[in-house]
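Undergrad: model the structure of this input:
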Amino acid sequence: MFIESFKVESPHVKVMLVGWVETMVSTLTGGVIANKELGISWATKDKIQQANYFGSLTQASAIRVGSFQGEEIYAPFKSLLPMVNPEDIVFGGWDISNMNLADAMARARVFDIDLQKQLRPYMESMVPLPGIYDPDFIAANQGDRSLRKLPRLTRNESEISPSTLYALACVLENVPFIMEALRTPLSQPTSIVSYNHLGNNDGMNLSAPQTFRSKEISKSNVVDDMVNSNAILYEPGEHPDHVVVIKYVPYVGDSKRAMDEYTSEIFMGGKNTIVLHNTCEDSLLAAPIILDLVLLAELSTRIQFKAENEDKFHSFHPVATILSYLTKAPLVSPTRYTVVNALSKQRAMLENILRACVGLAPENNMILEYK
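TA: Numbering: from 1, shown residues only. Model prediction:
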């Protein structure tokens, strides 16, 4: 299946937000305004913060477009096809509250005070249109905020929510409707701290400085792809703080404790920290991986391939990149490839090689037949 045509226009777009004075959407509106007005920066307790789009897939991420002489080539996501500039969006919306967006921003307490003061002149004239009111779809503790509203449905059809009516209106107007159920967005990891303690033989070995150093390097290498592939989030030479701590505690035996903390900078200078705690029986996790390594290594010795411009079939390079999905710091041929630490790429490579062996096309996840 092929895409036969593509419209290259990138027009101005009006976005109507349901619940415009709610925290997420008022923050979005203020953030776009701050980026649009190039002079807006504000003081935090750490630094002078500039407006940014960190956390946006289209504005703050890169996409692989190919490779050249063994180096993977990435381009900003937004540059691949003509896209609307966020600063060309005209925002409007509905709400059951008559609060203006400047007051909504202050109530939300998301932005720093200095930024709020600068945004207030732009946002205090922004007032939502009356929203559809149905108390069956509003939390009980929000009733006192219902100051400006359209009447609820007069027919007794309780399963029809206000959001359904907004969706229907969009269908009738032939415009897109998005019912948000948001995933955690992209961000800029700035600090990664990994702590483990265990009491098995692996833990004893890692208590030796030289053995630990090898482990520390292998754990640190896994973030290299992330840094190298996104020049929007990371300046040349910039790298997240990365600390690895491993302690030997004989009492816990094979029951390893792992605690990891990931701190990222997100939209408009905010910070997001994810802390994971994992207790696992270390060897029971490792044993199946070792089995997989054996089976796949054997399989790779029975596979031969050739490029279209080659006459003879040949085996894989002795450094088996096909196994990289199962290893923390894979090695590759230094003269032919760069190290790939990205888990999704490693898994895709492995699966596509197996698909090729049985005559199936590579999986590309576009699924155009369903679009």
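
Undergrad: low pLDDT regions in the stretch 201-350 of the chain?
TA: Applying pLDDT under 70 to the stretch 201-350 of the chain flags the ranges 221-222, 329, 331-339.

Undergrad: run a quick neighbour tally on Lys215.
TA: For Lys215, the count of nearby residues is 17 (other CB atoms under 10 Å). The way it works is simple: take the backbone N, C-alpha and C, and place the C-beta from them, glycine included.

Undergrad: tell me the spacing between it and Pro209.
TA: Lys215 sits 11 Å away from Pro209 when distances are taken as CB to CB, to the nearest Å.

Undergrad: what does Gly19 give?
TA: From Gly19 to Pro209 the distance is 56 Å (CB to CB).

Undergrad: so after the one helix or strand Asn196 maps to, what's the next helix or strand?
TA: Using DSSP states H and E, Asn196 falls within strand 188-198. Per DSSP H and E, the first helix or strand lying C-terminal to strand 188-198 is helix 201-206.

Undergrad: between Gly19 and Pro209, tell me which one has more neighbours.
TA: Taking other CB under 10 Å, Gly19 and Pro209 do not tie; Gly19 has more neighbours (18 against 8).

Undergrad: what ranges do the strands span in the stretch 151-300 of the chain?
TA: Counting by DSSP state E, counting those that start in this stretch, the stretch 151-300 of the chain has strands at residues 188-198, 241-248, 255-265, 271-281.

Undergrad: burial count for Leu276?
TA: Neighbourhood size, Leu276 [other CB under 10 Å]: 10.

Undergrad: let me fix that, I meant to ask about Asp260.
TA: 15.

Undergrad: which ones are touching it?
TA: Applying CB atoms under 8 Å, 6 or more residues apart in numbering to Asp260 gives the contacts 192-195, 275-276, 278.

Undergrad: can you select the buried ones among the residues you listed for me in PyMOL?
TA: Burial among the contacts of Asp260 is assessed by 16 or more other CB atoms under 10 Å; the matching PyMOL selection reads:
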select buried, resi 192+194
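
Undergrad: and the gap between Asp112 and Leu119?
TA: Distance of Asp112 to Leu119, computed by CB to CB: 10 Å.

Undergrad: dihedrals phi and psi, the residue nearest to Glu351 when sequence neighbours are not counted?
TA: Counting by CB to CB, 6 or more residues apart in numbering, Glu363 is the residue found nearest to Glu351 once chain neighbours are left out, at 6.2 Å. Per-residue torsions, Glu363: phi -80, psi 120 (degrees, to the nearest 10).

Undergrad: Asn341 and Val227 touch, don't they?
TA: No - the pair Asn341 and Val227 fails to qualify as a contact (CB atoms under 8 Å) at a distance of 10.3 Å.

Undergrad: and the contacts of the longest helix that the chain contains?
TA: Longest helix in the chain by number of residues (criterion: DSSP state H): helix 282-300. If you take CB under 8 Å, 6+ apart as the criterion, helix 282-300 is touched by 198, 200, 202, 254-256, 315-316, 320, 322-323, 326-327, 350.

Undergrad: in it, what's buried?
TA: Using 16+ other CB under 10 Å as the test for burial, helix 282-300 gives 282, 296, 300.

Undergrad: for stretch 120-128, same thing?
TA: By neighbour count on 16+ other CB under 10 Å, the buried set for stretch 120-128 is 120, 122-123, 126-128.

Undergrad: and which of these is nearest to Ile96?
TA: Pro128 (8.6 Å; CB to CB).
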